[in-house]
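Engineer: With the input below, show me the fold.
(chains A and B)
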Amino acid sequence: MDKSQGRIAREDAAPTAEIATASGHRGLQMEEKLIFEQGEPGRTGVDLPDLPKVADRLNGLKRQRAIGLPGLSEPQVVRHFTRLSQKNYAIDSGLYPLGSCTMKHNPRLNEKMARLPGLADIHPLQPVSTVQGALELMDQLAHWLKTLTGMPAVALTPGAGAHGEFCGMIAIRAALDAKGQQARKRVLVPESAHGTNPATAAACGFTVDAIPADDRGRVDVAAFKAKLGPDVAAIMLTNPNTCGLFEPDIVEIARALHEAGGYFYCDGANFNAIAGRVRPADLGIDAMHINLHKTFSTPHGGGGPGSGPVVFSEALAPYVPLPYVVHDKGGFRLVETKEGKVEPFGRLKAFHGQMGMFVRALTYMLSHGADGIRQASEDAVLNANYLLARLRDVMTPAFDGPCMHECLFDDAFLKDSGVSTLDFAKALIDEGFHPMTMYFPLVVHGALLIEPTESETKASLDEFVTSLRSLASRARQGEAAAFHAAPRLTPRRRLDETRAARQPVLRWKPTSTTRQAAE
Amino acid sequence: MRYLPHTEHDRRSMLAAIGAASVDDLYRDVPVAARLEDHVDLPAHQGELAVERTIAALAAKNRPAGSMASFLGAGAYRHHVPASVDHLIQRGEFLTSYTPYQPEVTQGTLQMLFEFQTQVALISGMDVANASMYDGATAAAEAVMMANRITKRTKSILSGGLHPHYREVIETYGRWSGFSAKAAMPDAAGVEDLAGQIDADTSCVVVQNPSVFGHVRDHAALAAAAQKAGALLIVVVTEAVSLGLLKPPGEMGADIFVGEGQSIGNALNFGGPYVGLFATRDKYVRQMPGRLTGETVDADGRRGWVLTLSTREQHIRREKATSNICTNSGLCALAFCIHLSLLGEDGFTRLAEINHAHAVQLAEKLGGVKGISVVNDSFFNEFALTLPEPASPLVERLVGKGVLAGVPAARLWPDKPDLANHLIVAATETNTEADMDLFARALAEVL
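Structural biologist: As a prediction, this is how the structure comes out:
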């Protein structure tokens, strides 16, 4: 530290933000140019085999102009991406309480298994006799998903959660059409739903009818029942919901919906709160996608890839996408066209699904087992409730009672402080934490949605609580200006999002100097 | 349980702080009838060693493409991925980060995506690219829906050279989202002319280059014909390496380019996860699906990146969004970005040249086998053969000789018996001359 008799200078007076360096770097925080600003013509990071001399068969369509890619050596590329990585917050670096996104630990065994040549180096169109293990692995994953949810069928191919929603809602449309109920076009979606739910319903040709939440953060059952009618196709309900609460009336909702002729789509983004403790089949659900990266720890990789298998009830089981795996006398095989009583509704994706994610998810499942999956759900719920209990006197819980795997606060505790939810979240960055989810769900004013997951120790949660309590106290003490200036200790401070949208610069373009250098 | 840090003591003290007698109290909102008292009927947890044995045993039941002479393509290609790619994408700061909603703590992912968008725009010859889609096929379906929004029409025309999985995905989206997709007959000869089918209701024409049969064609005239009728041309590329050598879609007049980026940086993975590429003209950017990264400045005026134009997207626009996509293929895009950074202009061009040269060599060797003829006049690294007998059983027999001989057309068009004798074969930089000789010899032996 400094020489001020061992005292640490007050943070808002600390000069760190003003320290100038000749290089622009600041210790471990490296300024890093774009690859396009570092390249030299003629340089490369690969040594390729010899080029055989042949007469080309390109039909006169050989590219005539330079592409404009920069030339970099391997050490430059390794350093570049290493430096970029160091500008990221990640679950490996600390608690990542992004509610509804479930940033839990990603076991490295999953990565190792996904890279076994017998799984990574197989082509999707190899003869099925050469990929029996891959199909068996998909079959096993399907078995785990069906057993954990109690549902009789599963579609593995959707590429992510929203793609799973699309799959499930198409199946519902197909089932309705098969019954001659083309007129059922209205889908009920709670106001608290993820944006993907209404977007998916609309993409499947449904109209979206919002149902309000009650003052307990749950579906207003009376309002829901009032909306039932002969044109209702389905409800899309997240459970546990996006307020982090279990819908206690869910069985009654399912009963009334089924009686009215609708299907129950459940957004399974929050399955990680109940896996091993509650089976969606026992709640009356007809279709539910499972985000493998949320419940089963496949890495989110800065925005994907995801994988969104959908489990189906008996009623929807015939309406599945192609292809799917079956096991019969000849071994495992892929069904890629209509076969038997199944009424496939079409293909959702090239090939057979996100195999690399299947391997990781099954590895997680085998590692945890039935006992560990249940324990993980319980610990996730325990951790969220612990945070709720430790914060309820300084922040304002949006609703009463225990929560599930995430706890939700509104911004009442910031009232008249001049600090917004956004400011509060940005100040948390300087404390060394990733912000919680902000302003979602929409039903709560200035929402702060915190999901610690089961991966955190009590000590880590206590450290987080200390930071949040300190920030809440500073907000109340009139330190709004410091919040507005946050974050200050990051590679970049607050970024001008308005400018980015008003004057979009979506790619690098060569300046006249760099163009000349390339030519 | 190695992933769960709490001791029983921790759990008890946390429950005490909460004021709950047991964790069951926290689940009190679950209807009694739906509470599982026991574990579900699945095995108990296992250590790394045991899990590794189980998964490795499954892997051992497969025959990796690399263990044989492999000539499989048709939308997924076996290329060499430099060691540093897989090393870098496993850095925890990339691997275990979420979508970059908080730009101050995700500049790494955002800058990478900006570079990725630039790379995709450059190789495709388009103005602007997004931050990726699930795969090439879903990107193609999204492109058709984007064309429908732009033209306010609902009829698309799909080339017979389009990969059947792409066609089927577009048809699925069309059937359930309410647009029509008229698919031409499979164009094994590479001679179709779709210009005559375009009318005042046509939203877009979707072609693939090289086609699924491998033909390389200039679609500039088709682009002009489409645009004259107020329609858009969508050019699909399933083999991204071809863009290192071929006239890019942008120079052919494409309005939207979609591609499968697996070939660059990503393993075969039995079909996924892959990375959908999506690019268009500047004037259409606000109709694009998916995430976009844009340049801006921070509070101190320093350059930085953010996700932008999100008013197109589901989390803001909900049922009026341009697409329901949320998660995309960030980590596969990173692998693509790193591999293409390593290749650079010279490496990418050279890689494409080697792929083409190997395919030319392979075509010569296989064309010399009695009874075999090469269908294509033109190709990049993939072409079609006609065999004197159905391709599927032949391919099974060739496995016994250590050759993954290609993709039988019957696998992609099970309902088209006239294609039963067609085989689609690909060569990449990973195929040696010995592999090719083995293939030709084995083929001669089994025929």
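
Engineer: now the stretch 401-519 of chain A, which segments are flagged as low pLDDT?
Structural biologist: Low-confidence segments of the stretch 401-519 of chain A, defined by pLDDT under 70: A:512-519.

Engineer: which helix is the longest one in the chain?
Structural biologist: Just so you know, I chose chain A. In chain A, taking DSSP state H as the definition, the longest helix is helix A:355-391.

Engineer: Chain B is the one I meant
Structural biologist: Max-length helix for chain B by DSSP H is helix B:330-367.

Engineer: and the closest residue to B:M288 other than its chain neighbours, how far is that from A:P510?
Structural biologist: Among residues not flanking B:M288 along the chain, B:N130 sits closest, at 5.6 Å (Cβ to Cβ, 6 or more residues apart in numbering or on different chains). In this view, the C-beta of every residue, glycine as well, is placed from N, C-alpha and C. Distance, B:N130 to A:P510, using Cβ to Cβ, to the nearest Å: 21 Å.

Engineer: Same drill for these two, tell me which one is more crowded.
Structural biologist: Of the pair B:N130 and A:P510, B:N130 is the one with more neighbours under other Cβ atoms under 10 Å in any protein chain shown, namely 29 against 15.

Engineer: can I assume the more buried one is in contact with B:A279?
Structural biologist: Yes - because the distance of 7.5 Å satisfies Cβ atoms under 8 Å, B:N130 is recorded as touching B:A279.

Engineer: For residue 167, give me its contacts.
Structural biologist: You didn't pick a chain, so chain A it is. Neighbouring residues of A:C167 by Cβ atoms under 8 Å, 6 or more residues apart in numbering or on different chains: A:155, A:157-158, A:289, A:308, A:310, A:321, A:348.

Engineer: Switch to chain B, please.
Structural biologist: Neighbouring residues of B:R167 by Cβ under 8 Å, 6+ apart: B:158, B:181, B:183.

Engineer: quick revisit: report the mean per-residue pLDDT for the longest helix of chain A.
Structural biologist: What helix A:355-391 shows for mean pLDDT is 98.

Engineer: Heading C-terminal from it, find the next helix or strand.
Structural biologist: Using DSSP states H and E, the helix or strand that follows helix A:355-391 in sequence is strand A:396-397.

Engineer: From the contact counts, what lies against that next one?
Structural biologist: strand A:407-410 (3 or more Cβ pairs under 8 Å, 6 or more residues apart in numbering or on different chains; DSSP states H and E).

Engineer: related to what we said a few turns ago, do the longest helix of chain A and chain B come into contact?
Structural biologist: Yes - Helix A:355-391 is in contact with chain B by Cβ under 8 Å from any Cβ of the partner chain, via A:355-357, A:359, A:362-363, A:365-376, A:378-379, A:381-383, A:385-386, A:388-390.

Engineer: Pretty sure B:R78 sits in a strand.
Structural biologist: No - counting by DSSP: H, G, I helix; E, B strand; the rest coil, B:R78 is located in no strand; its state is coil.

Engineer: Show me the longest strand that occurs in chain A.
Structural biologist: strand A:232-238 (DSSP state E).

Engineer: Now flag whichever of the contacts of A:C167 is closest to chain B.
Structural biologist: A:L348 (6.2 Å; Cβ to the nearest Cβ).

Engineer: Output the lowest-mean-pLDDT helix or strand in chain B as PDB, nothing but the C-alphas.
Structural biologist: Here the helix or strand of chain B ranked lowest by mean pLDDT, DSSP states H and E is helix B:314-317, holding a mean of 83. Extracted in PDB, the C-alpha atoms of helix B:314-317 (Å, rounded to 0.1, in the frame of the first residue of the first chain):
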ATOM      1  CA  GLN B 314     -36.500 -10.100 -28.300                       C
ATOM      2  CA  HIS B 315     -35.400  -8.900 -24.900                       C
ATOM      3  CA  ILE B 316     -36.500  -5.400 -25.900                       C
ATOM      4  CA  ARG B 317     -39.100  -5.800 -28.600                       C
END
